[in-house]
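Visitor: Need the 3D shape of this:
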Amino acid sequence: MINNRIRAKEVRLIDETGKQLGIVPIEEALKMALEKNLDLIQVTEKVEPPVCKIMEQGKYLYSQQKKEKAGKHNKGGEMKGIRLTFGISDHDLEIRARQAEKFLQKGNKVMIEIRLRGREKAHQEIAVEKLKKLIEFVKKTIEVKTERDLKKEARGFTMIIVRK
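Guide: I've put the predicted structure just below:
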């Protein structure tokens, strides 16, 4: 709500510097805004009387858009995936661990997946050891906790870890 569209008889007024001027009749608030060549913008209608601010409409809309964008980016971390194979070497496990550390430091969750194909399914204990070894490499530098424990799936095992 802007300028003459504000329906309240009285408003709690804030000037362009952010100073609270108290409860003022709407006519007086509009007059003050007009004198300063600015707009009267209703910030919130949840309280009685509504809070209004004297400022430029464009600046207000810009700040609202910035707040919305900031809210979208802060969603608690994406899910990143690291896939291992049955025959992965220790050196490659360390490389994957470093990648997991980078993801965790950025605040992301990490899903570690090990795929088993054919006869590899008969040696599941080796696959579980590889997963545990990767977790140990990660724990050397970052404290992590498991969000979802080791889970057997159709094509192998998965596990989700997050930073403590």
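Visitor: just the strands in the protein please.
Guide: For the chain, the strands defined by DSSP state E cover 10-14, 20-25, 39-44, 51-55, 79-84, 109-115, 144-153, 156-163.
Visitor: Specify the angle between the third one and strand 51-55 in degrees.
Guide: For the pair strand 39-44 and strand 51-55, the angle between their directions (axes from the mean of the first three to the mean of the last three C-alpha atoms, to 10 degrees) equals 150 degrees.
Visitor: Just the buried positions in strand 39-44, please.
Guide: Buried residues in strand 39-44, counted by 16 or more other C-beta atoms under 10 Å: Asp39, Leu40, Ile41, Gln42, Val43. Using the backbone N, CA and C atoms, a C-beta is placed for each residue, glycine as well.
Visitor: Reformat the strands of the chain into CSV and put distance to Ala70 next to each item.
Guide: Putting these into CSV (distance: least, C-beta to C-beta, whole Å) gives the following:
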stretch, distance to Ala70
strand 10-14, 22
strand 20-25, 25
strand 39-44, 18
strand 51-55, 19
strand 79-84, 21
strand 109-115, 21
strand 144-153, 25
strand 156-163, 22
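Visitor: quick one: which two of the buried residues of strand 39-44 are the most distant?
Guide: Using C-beta to C-beta, the buried residues of strand 39-44 span at most 11.9 Å, a distance reached by Asp39 and Val43.
Visitor: For the closest residue to Lys152 other than its chain neighbours, list the residues it contacts.
Guide: Nearest residue to Lys152 in three dimensions, chain neighbours excluded: Gln124, at 7.8 Å (C-beta to C-beta, 6 or more residues apart in numbering). Neighbouring residues of Gln124 by C-beta atoms under 8 Å, 6 or more residues apart in numbering: Leu116, Lys152, Phe157.
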